[in-house]
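Undergrad: All I have is the shape, not the residue letters:
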């Protein structure tokens with residue numbers, strides 16, 4: 001009887017970690033307007049194409065996360081948002097997404113102590129995602145005129161008050177890893193932007209804006 005009561009207490013204490021904690025929505029899509037933005041308006045309008053590949057195989061990211069992140073990146077940082085004529089494509093290719101979980105020993109300690117340390121901010125574990133990605137700039141003739149790569153390494157803690165739930169943390173780690181990879185790619189595009197614009201304009205505009213600038217999920 002006492003044993004059953006003990007584990008009931010553990011379960012009740014753990015519920016906030018499983019379903020509550022900090023909201024992840026703002027962290028997922030609220031940091032688009034970064035203070036270190038570059039390249040705004042230096043490229044003509046480009047249609048977004050995404051090959052999420054390994055990112056879609058993790059337990060965290062949803063199928064629409066990579067396309068949404070990349071479309072925001074193009075709209076806010078890279079391409080001219082007011083340009084009604086498309087001059088090619090920006091293609092995001094995720095080449096690697098490796099997820100690790102650390103701090104698992106803390107879980108055993110937390111369970112042994114009825115989750116009491118979590119009330120004082122001790123994390124349950126961390127999700128880390130390393131994302132390797134590249135962005136290809138493709139002209140209207142289908143020719144790749146530039147390829148740029150970056151690596152992002154995220155670290156998201158699972159904790160009751162100063163962290164995220166075990167359901168939200170994996171997704172947030174994946175999205176943050178992708179954003180950090182794009183942060184590395186953005187300055188490269190900034191440096192090459194004038195040359196890319198010239199090559200894209202030389203190839204001419206797309207004959208029509210294709211809704212099939214698609215997402216390969």
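TA: Structure's in. What do you need? Note that this is a predicted model, so its numbers are computed, not measured.
Undergrad: residue ranges with poor pLDDT in the chain?
TA: For the chain, residues meeting the criterion pLDDT under 70 lie at 1-41, 81-83, 103-123, 160-163, 208-217.
Undergrad: Let's see that with 90 instead.
TA: 1-45, 59, 74-85, 101-126, 157-169, 190, 207-217 (pLDDT under 90).
Undergrad: hey, where'd the strands end up in this protein?
TA: 45-51, 86-102, 125-139, 144-153, 156-158, 215-216 (DSSP state E).
Undergrad: Ok, which of those strands comes nearest residue 179?
TA: strand 144-153 (6.5 Å; CB to CB). C-beta coordinates here come from the backbone N, C-alpha and C atoms, glycine included.
Undergrad: Strand partners (parallel or antiparallel) of that closest one?
TA: In the sheet, strand 144-153 lines up against strand 125-139 (antiparallel) (DSSP bridges).
Undergrad: sorry, back to before: want to throw the strands of the chain into CSV with mean neighbour count and distance to residue 189?
TA: CSV is the format used below for the strands of the chain (neighbours: other CB atoms under 10 Å; distance: least, CB to CB, whole Å):
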stretch, mean neighbour count, distance to residue 189
strand 45-51, 22, 11
strand 86-102, 20, 9
strand 125-139, 22, 7
strand 144-153, 17, 6
strand 156-158, 24, 27
strand 215-216, 16, 20
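Undergrad: any chance of the ones you listed in a markdown table, with distance to residue 187 too?
TA: Shown next, in a markdown table, are these (distance: least, CB to CB, whole Å):
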| stretch | distance to residue 187 |
| --- | --- |
| strand 45-51 | 18 |
| strand 86-102 | 16 |
| strand 125-139 | 12 |
| strand 144-153 | 9 |
| strand 156-158 | 25 |
| strand 215-216 | 25 |
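Undergrad: now for those, which one comes closest to residue 59?
TA: Short answer: strand 86-102, nearest of the strands of the chain by CB to CB, at 7.2 Å.
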